[in-house]
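>>> Return a 3D structure for these sequence lines:
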Amino acid sequence: MTMFKEQKKKIIFNLIFIIFLGYFKNSNAQNLDYEIFYFNNSSYFYNSVVLNNKLYVSSKDGVFELHKKKLEVYDTSLIGPIKVENDKLKEGVTIISNNYDYLLPDFLKKDPYSVTYFENKLILISGGKVFGFKKTLYQKKNVGSVRSISENFIGTYNGVFKKGDPHKILKYTNSYIREFNEATFICWDGLYYKNDTLSKNFTNEINSSTEIGDKLLGRANDIVEVKHPNYILNTNKGFYLINIEKEECIKISDQYNDVNFASYTIPFKNTIQFSEVFSHNNAIYTLNKITHEIKELFHFKSPVVSVLFYGPQEIYVLLKTRLVKVNPVKNSSITILDNLKLVNDVSAFYNFIFITTDVGLHLYNISTGNYAKNVLKTELNKKAYFGDKNNLFIGGVSGLYTFSLPDLNELYQKNLKKSEPRYLKIFNSIYQLKTPFIVLLILILLITSIVFYKKNQSSVSLLSSKEILEDDIKYKIEKFIDLNLNEVSIEKIKNEFKLSNYTLYNIMDRKNPGEIIRRKRLFLVKNLRKQGVPEKEISKKTGFSLNYLRNI
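Predicted coordinates for the structure are as follows:
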């Protein structure tokens, strides 16, 4: 018994030593698509073979069978290397390989070793020790702690690089890299700008601030495109409209600092041309990129961490402990996932909504309503994700992870959990109660509530459906006005939506539609004048005549 304890201590010590001093310090590995799942040095092992879908390992003490991560004695009479001949185990020789030395600890890399493929696993035996590796459903690159990812660039705490180019662009980044058709921006302490012909660093390093036109705008957080060369920059001091070519800027608002712009379905681009959804503190908002008008969409009791926009009536909001689906048109919300911890971001890749956290990656299948938590167990970084038509890239403190859609599907299936309907949760809670009286009381209250709900639902269904319909049309009318501001009229709205004067008036909350159009135009005039746009151009964009503009 004492000898067994000593041997157990030795195994544990060697395992810890090898993992921490060898395996995880292996900086030469380019694509770590395998991870260790088994280690054994309880004997001196030679090689391994597969017979009848079973793995056998030879040693100085005989042959063992690997069964459920345990080596069980199979034949103590067969000593040394083995082979399979005529469906039987016999004495053999060790066949050496050199394809997977990057998986081994540094002190074993130059030693000969054997490799056996078994059930999508690799069994490596080197230096008398057994290493078991399983293929990961992702690729990993050791590039340092990844802070931001875009199509052609990757930002880490150790530098920002163009993919395939070892030369460092910036010494680090702590926020997003945004690539647009005619410009690329790197948000860090300041703002780095790059296009096909030039690059410029709009950074005051003394103040750790973005500096444009001798104005300190604060630390760059994120940026969205209006129309090149005009962009809206968000910093820790608020929103700014910047003209990157003229190097001019106008403050839009100082109330919303370090916001989180919503992500959109990946790999599909934003379908909202003239507005952006963002979160700040406990609410989500829309920002009209033309008029710069900011409207609150939905308010929560706790801070919003991240937002995913799926459509005007389907917005996924990540709070500190749960994921919520919001319909701003109906002013409704429902919890999709709860009991979350240390969350960072929410976004989408094909039919999956993914959540990055400090403890791993969660997946939610929009099609089925089921979910899988911790499909990747590692510390992931905020703002470090990007998807294209083929792959999803996610950054963590240990490097860059790449997932294909089939790999993501397999990870999801392996960790699948079905969402429990709410009524089952209620009955499960009742079942756990020990006192019959309390159980009976809760059941009575539940039945009474259902009867009351059914009775009242019929009386309000027509009214609520009408209100929802009107809210939806109102949203579309306002969008129509914004898109056609220079030529829109009441008659054009009526013709577009097939509405009478009376119906249009009621849908717009009994406000004069003409006055709504006029107010939006005046707001645009004010902002264009701040930008120094000529009056003739303002007239063209707003629909106001030059004579009328002179009186404003």
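
>>> Can you tell me how far residue 111 is from residue 123?
Residue 111 sits 16 Å away from residue 123, going by C-beta to C-beta, to the nearest Å. Every C-beta, even on glycine, is put in place using the N, C-alpha and C of the backbone.

>>> These two - which one has more neighbours?
Set residue 111 next to residue 123 and count neighbours by other C-beta atoms under 10 Å: residue 123 wins out with 22 against 13.

>>> Could you check which helix or strand contains that one?
strand 121-126 (DSSP states H and E).

>>> CA atoms only: put that strand into CSV for me.
What follows is strand 121-126, C-alpha atoms only, in CSV (Å, rounded to 0.1, in the frame of the first residue of the first chain):
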residue,chain,number,x,y,z
LYS,A,121,-6.8,10.1,-31.0
LEU,A,122,-3.0,10.0,-31.1
ILE,A,123,-1.1,7.8,-28.7
LEU,A,124,2.5,8.9,-28.5
ILE,A,125,5.1,6.8,-26.5
SER,A,126,8.4,8.5,-25.9
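
>>> Which of the residues in stretch 490-509 are classified as buried?
By neighbour count on 16 or more other C-beta atoms under 10 Å, the buried set for stretch 490-509 is 490, 493, 499, 504, 507, 508.

>>> mind checking the end-to-end distance for it?
From its first residue to its last, stretch 490-509 covers 15 Å (C-alpha to C-alpha, to the nearest Å).

>>> Check stretch 152-168 too.
14 Å.

>>> same check, this time on stretch 212-225
17 Å.

>>> all strands in the stretch 1-150 of the chain, in order from the N-terminus.
Per DSSP state E, counting those that start in this stretch, the stretch 1-150 of the chain carries strands over the ranges 34-40, 45-51, 54-59, 62-67, 70-75, 82-85, 88-91, 113-118, 121-126, 129-135, 139-141, 146-149.

>>> what packs against the second one?
Yep, that's strand 45-51 we're talking about. In terms of contacts (3 or more C-beta pairs under 8 Å, 6 or more residues apart in numbering; DSSP states H and E), strand 45-51 is packed against strand 54-59, strand 82-85, strand 88-91, strand 113-118, strand 121-126, strand 129-135.

>>> For these, could you give me JSON lines that also reports distance to residue 384?
Below are these laid out as JSON lines (distance: least, C-beta to C-beta, whole Å):
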{"stretch": "strand 54-59", "distance to residue 384": "38"}
{"stretch": "strand 82-85", "distance to residue 384": "47"}
{"stretch": "strand 88-91", "distance to residue 384": "49"}
{"stretch": "strand 113-118", "distance to residue 384": "34"}
{"stretch": "strand 121-126", "distance to residue 384": "29"}
{"stretch": "strand 129-135", "distance to residue 384": "24"}
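
>>> Could you pull out the buried residues of stretch 46-60?
Under the neighbour-count criterion of 16+ other C-beta under 10 Å, stretch 46-60 has 46, 47, 48, 49, 55, 56, 57, 58, 59 buried.

>>> which of those residues lies closest to residue 541?
Taking C-beta to C-beta as the measure, residue 541 sits nearest to residue 55 out of the buried residues of stretch 46-60, at 72.6 Å.

>>> Tell me how far stretch 182-190 lies from the chain's centre.
With C-alpha atoms, centre = their mean, to the nearest Å as the basis, stretch 182-190 stands 20 Å off its chain's centre.

>>> Span of it from start to end?
Terminal-residue distance, stretch 182-190 (C-alpha to C-alpha): 20 Å.

>>> if we can go back for a sec, just give the strands next to the strand holding residue 123 in its sheet, each with its orientation.
Looking at strand 121-126 with DSSP bridges, its partner strands are strand 113-118 (antiparallel), strand 129-135 (antiparallel).

>>> on that earlier part again, go through the buried residues of stretch 490-509 and flag which are in helices.
In helices, judged by DSSP state H, the following of the buried residues of stretch 490-509 are found: 490, 493, 504, 507.

>>> Just give me the closest of those to residue 515.
Using C-beta to C-beta, residue 490 is the member of these that lies nearest residue 515, at 10.3 Å.

>>> rewinding a little: please list the residues outside the strand holding residue 123 that contact it.
Strand 121-126 is touched from outside by 34, 37, 45-48, 55, 57, 66, 94, 100, 103-104, 108, 111-117, 130-135, with contacts defined as C-beta atoms under 8 Å, 6 or more residues apart in numbering.

>>> Now do the same contact list for residue 307.
If you count contacts by C-beta under 8 Å, 6+ apart, then residue 307 has 260-263, 277-279, 284, 315-318, 346 around it.

>>> cutoff 10 Å now
259-264, 277-279, 284-285, 297-298, 315-318, 326, 345-347 (C-beta atoms under 10 Å, 6 or more residues apart in numbering).

>>> Where does the prediction get shaky in the chain?
Scanning the chain with the threshold set as pLDDT under 70 gives 1-33, 137, 265-273, 418-441, 449, 451-472.

>>> mind giving me the domain ranges of it?
Here the domain parsing of the chain from automatic domain parsing is 2-24+31-136, 174-258, 441-550.

>>> In a markdown table: those domains, plus distance to residue 338.
Putting these into a markdown table (distance: least, C-beta to C-beta, whole Å) gives the following:
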| stretch | distance to residue 338 |
| --- | --- |
| domain 2-24+31-136 | 28 |
| domain 174-258 | 26 |
| domain 441-550 | 21 |
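
>>> Chain neighbours aside, what residue packs nearest to residue 225?
Closest residue in space to residue 225, ignoring its immediate chain neighbours: residue 180 at 4.8 Å, by C-beta to C-beta, 6 or more residues apart in numbering.

>>> so residue 395 sits right up against residue 153, yeah?
No. The pair residue 395 / residue 153 is not scored as a contact, 12.0 Å apart, by C-beta atoms under 10 Å.

>>> More neighbours: the two, which one.
Using other C-beta under 10 Å, the more surrounded residue of residue 395 and residue 153 is residue 395, with 26 against 21.

>>> pretty sure that one is in a strand, no?
Yes. Counting by DSSP: H, G, I helix; E, B strand; the rest coil, residue 395 is part of a strand.

>>> Please name the residues that touch the closest residue to it other than its chain neighbours.
Nearest non-adjacent residue to residue 395, counting by C-beta to C-beta, 6+ apart: residue 146, 2.6 Å away. Taking C-beta under 10 Å, 6+ apart as the criterion, residue 146 is in contact with 154-158, 173, 380-381, 383-385, 393-401.

>>> ok, 6 Å please
156, 384, 395, 400 (C-beta atoms under 6 Å, 6 or more residues apart in numbering).

>>> How about the residue sitting furthest away from the middle of the chain: what's its closest non-neighbour residue?
Largest separation from the mean C-alpha position in the chain: residue 77, at 55.6 Å (C-alpha atoms, centre = their mean). With sequence-adjacent residues excluded and distances taken as C-beta to C-beta, 6+ apart, residue 77 is closest to residue 62, at 6.9 Å.

>>> That neighbour and residue 76 touch, don't they?
Yes. Contact status for residue 62 versus residue 76: in contact at 3.6 Å, counting by C-beta atoms under 6 Å.

>>> higher neighbour count, those two?
residue 62 (16 against 11).

>>> What's the local residue count around the nearest residue to residue 382 once chain neighbours are set aside?
The shortest distance from residue 382 to any non-neighbouring residue, by C-beta to C-beta, 6+ apart, is to residue 344 (4.0 Å). Residue 344 has 18 neighbours, counted by other C-beta under 10 Å.

>>> counting contacts, what elements does the helix or strand encompassing residue 154 pack onto?
Using DSSP H and E, residue 154 sits in strand 153-156. Helices and strands in packing contact with strand 153-156 are listed as strand 146-149; criterion 3 or more C-beta pairs under 6 Å, 6 or more residues apart in numbering; DSSP states H and E.
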